[in-house]
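S.K.: model this:
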Amino acid sequence: MAIEFKIDWLSVTVHASITYADRIWENFFQDHLGDLQDTGHGGRGFKVLQFAELGSKMYTMPTGDGVYFHIELPGKACACIPPDTFRAFIKYLEAKERTEITKFKVKRLDFAFDNVPFNPDMFEEAIKENRVRSLTQRESLKTIDSPFRKREDDSGLGCKTVYFGSPSSTRKVRVYNKRGPVRLELELRDIRADYVARVVLAQEKDWMAPAIAHVRDFIDIYEDSEKTELAGWWKEFIEDVTRAYAKVYSSKELSKERVKAWFENQVAVWLFVLKTIEPEFLEKIAVDGAKR
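M.R.: Alright, predicted model coming up:
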């Protein structure tokens, strides 16, 4: 199975008026994530918090000094946005920065690589055996192992996540298998996220080669502690990563799947009980739901 690459998190702070916030959402994200809805409260130092589909958020009206707003697009929201939209968004902000008194900072950027040719155990052992080249200390290695937890694709039992990188660092890597296929994620924050977003996302050519270059700038894995030859499975990852982008999804499709999964896991048993002992109640619920 080919490795798939995608943007898995993007959050940006823009120093501009709320007019820009509305314009940006309409021009770049509304078609993919729907309209923003007011929550009636604020958060994270802002008076107003709005949300759209799949956890996407817009924070406006800061409680302190300054005029700025913040956009947050988590993984499922990013999965609905085509690469060309990300590119156009960053290029738009850069153009405004050059021509107007408008600044922006990318606060977080995650790259995700699915179907990598190794598993969390292999990644963990390489770090433990000092077969890595990285400025990050091995003391930052952390694992969460749930041997009896079922994987999301029903491929078996055993979910493990390996974290490498200090919590206070501007970059860290995690490798996990809870979805089934193993994923490697590179998380970038603050100055590192801003630099990489401007260098990688704004360019017209393929993103995957520079994305893997930033992974390797953080960590490379070798066959032994002498570090003379890259590990075979790490080399395969590096060579295969340019094969395919991940599929771009519809936000409505993902939202429907999430509701269905919740319904099956949390409601199905009680639905059966109600249908058995009080079937007229279900009919009333359906009628009320249609009205709402």
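S.K.: which residues in the stretch 151-292 of the chain form strands?
M.R.: Applying DSSP state E, counting those that start in this stretch to the stretch 151-292 of the chain gives strands spanning 157-164, 171-176, 183-189, 220-221, 244-245.
S.K.: Can you say which of the ones you listed is nearest to residue 26?
M.R.: Closest approach to residue 26 among the strands of the stretch 151-292 of the chain (C-beta to C-beta): strand 244-245, 25.4 Å. Using the backbone N, CA and C atoms, a C-beta is placed for each residue, glycine as well.
S.K.: which residues touch residue 186?
M.R.: 110, 111, 171, 172, 173, 211, 214, 215, 218 (C-beta atoms under 8 Å, 6 or more residues apart in numbering).
S.K.: go with 10 Å
M.R.: Shown in contact with residue 186 (C-beta atoms under 10 Å, 6 or more residues apart in numbering): 8, 109-113, 165, 171-174, 196, 211-212, 214-215, 217-219.
S.K.: try residue 7
M.R.: 73, 75, 78-79, 81, 83, 86, 109-112, 197, 200-201, 207, 211, 245-246.
S.K.: Likewise for residue 187?
M.R.: Counting by C-beta under 10 Å, 6+ apart, the residues that residue 187 touches are 8-9, 108-112, 163, 165, 169-174, 193.
S.K.: Most neighbours out of those residues, which is it?
M.R.: The most crowded member of these is residue 109, carrying 28 neighbours; neighbours defined as other C-beta atoms under 10 Å.
S.K.: per-residue pLDDT, residue 100?
M.R.: Residue 100 carries a pLDDT value of 84.
S.K.: Residue 92 versus that one, what's the distance?
M.R.: 12 Å (C-beta to C-beta, to the nearest Å).
S.K.: who has more neighbours, those two?
M.R.: residue 92 (16 against 10).
S.K.: Mind listing what's buried along the helix or strand harbouring the more buried one?
M.R.: Using DSSP states H and E, residue 92 maps to helix 83-99. For helix 83-99, burial by neighbour count (16 or more other C-beta atoms under 10 Å) applies to 85, 86, 87, 89, 90, 92, 93, 96, 97.
S.K.: Closest to residue 18 out of those?
M.R.: After measuring those against residue 18 - C-beta to C-beta - the closest member comes out as residue 96, at 14.8 Å.
S.K.: if I look at the closest one, how far off is residue 85?
M.R.: 17 Å.
S.K.: low-scoring stretches of the stretch 101-250 of the chain, by residue?
M.R.: Flagging of the stretch 101-250 of the chain using pLDDT under 70 yields the residue ranges 241-250.
S.K.: Tell me how many other residues crowd the residue nearest to residue 70 when sequence neighbours are not counted.
M.R.: Closest residue to residue 70 in three dimensions, ignoring its sequence neighbours and counting by C-beta to C-beta, 6 or more residues apart in numbering: residue 59, at 4.2 Å. The local packing of residue 59 (other C-beta under 10 Å) involves 22 other residues.
S.K.: Then residue 175?
M.R.: Count around residue 175 with other C-beta under 10 Å applied: 23.
S.K.: Skipping its backbone neighbours, what lies nearest residue 18 in space?
M.R.: Per C-beta to C-beta, 6+ apart, closest to residue 18 is residue 60, 5.2 Å.
S.K.: What about residue 2, how many residues nearby?
M.R.: Applying other C-beta under 10 Å, I find that residue 2 has 11 neighbouring residues.
S.K.: picking that back up, the residue nearest to residue 18 sits in which helix or strand?
M.R.: Assigned by DSSP H and E, residue 60 falls in strand 57-62.
S.K.: And that strand, what does it pack against?
M.R.: In terms of contacts (3 or more C-beta pairs under 10 Å, 6 or more residues apart in numbering; DSSP states H and E), strand 57-62 is packed against strand 4-15, helix 18-24, strand 46-51, strand 69-73.
S.K.: wait, which of those is closest to residue 125?
M.R.: Nearest to residue 125, of the helices and strands packed on strand 57-62 and by C-beta to C-beta, is strand 4-15 at 24.8 Å.
S.K.: check contacts around the residue lying closest to residue 153 once chain neighbours are set aside.
M.R.: Nearest residue to residue 153, sequence neighbours excluded (C-beta to C-beta, 6+ apart): residue 180, at 3.2 Å. By C-beta under 10 Å, 6+ apart, the contact list for residue 180 reads 114, 115, 151, 152, 153, 154, 155, 156, 159.
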